[in-house]
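> sequence first, then the predicted structure:
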Amino acid sequence: MRCRRKLRAAVFDQLGREYLETQARGGIKRPTGQWISIPTQHIKRTAKGTVGKAKRPRNIVNKANVFFRHQGPTPDIVRRPRGKGKKLEVLYQLVPLARIPKRLRFYEDAVKVVQRRMVPNFKKSFERALRTARR
């Protein structure tokens, strides 16, 4: 039996994608270790836009021509390209934390939908409750 006196609504993430809240509110991403690896334009991405497993920092550092460069306030993961006279390519920048900007308008859109649909839905449900009420 539904309780007609308490009006509630809840939204939850059934798929468990906790990063969506950070995208909706903005915030700070903190590393699980010491650094967060931010890929540069030299890292090729997949069709979905993600970094493939072979190109991730832990796997790429094991290659012969890739190394850490400690120059400046934070280290970089750098690749020495083949051939003479070519410059080093920075593959990843390592930073202590990353600021995530607000990208999704989930909460604002939800408020607009609730404001637009609440009155008609409430009237419809209230009329149904009156029709089906026991006297």
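That came through, no problem. Numbering: from 1, shown residues only.

> residue 36 pairs with what?
Beta-bridge partners recorded for residue 36 (DSSP bridges): residue 95.

> give me the neighbour count for it.
Here the number of neighbours of residue 36 (other CB atoms under 10 Å) works out to 18. Quick note: C-beta positions are derived from backbone N, CA and C, even for glycine.

> I'd assumed residue 29 was in contact with it.
Yes - between residue 36 and residue 29 a contact is recorded at 6.4 Å, counting by CB atoms under 8 Å.

> could you pull out the helices for the chain?
Using DSSP state H, the helices assigned to the chain run over residues 19-25, 57-60, 106-132.

> buried residues in the second one?
Using 16 or more other CB atoms under 10 Å as the burial criterion, the residues of helix 57-60 that qualify are 57, 60.

> what about it, average pLDDT?
For helix 57-60, the mean per-residue pLDDT is 92.

> dump the helices of the chain into CSV; add distance to residue 67 as well.
Converted to CSV, the helices of the chain look like this (distance: least, CB to CB, whole Å):
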stretch, distance to residue 67
helix 19-25, 30
helix 57-60, 10
helix 106-132, 41
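
> specify the stretch among these that is closest to residue 98.
Closest to residue 98 of the helices of the chain is helix 19-25 (CB to CB; 10.2 Å).

> got the contact list for residue 23?
Residues in contact with residue 23 (CB atoms under 8 Å, 6 or more residues apart in numbering) are 100, 102-104.

> could I get these as TSV with distance to residue 61 and neighbour count?
Formatted as TSV, those follow (distance: CB to CB, whole Å; neighbours: other CB atoms under 10 Å):
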residue	distance to residue 61	neighbour count
100	25	14
102	33	14
103	30	12
104	33	14
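
> could you identify the most distant pair in these?
Spanning the widest gap among those are 100 and 104, at 10.8 Å by CB to CB.

> adding distance to residue 123, write the contacts of residue 23 out as TSV.
Shown next, in TSV, are the contacts of residue 23 (distance: CB to CB, whole Å):
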residue	distance to residue 123
100	40
102	34
103	36
104	31
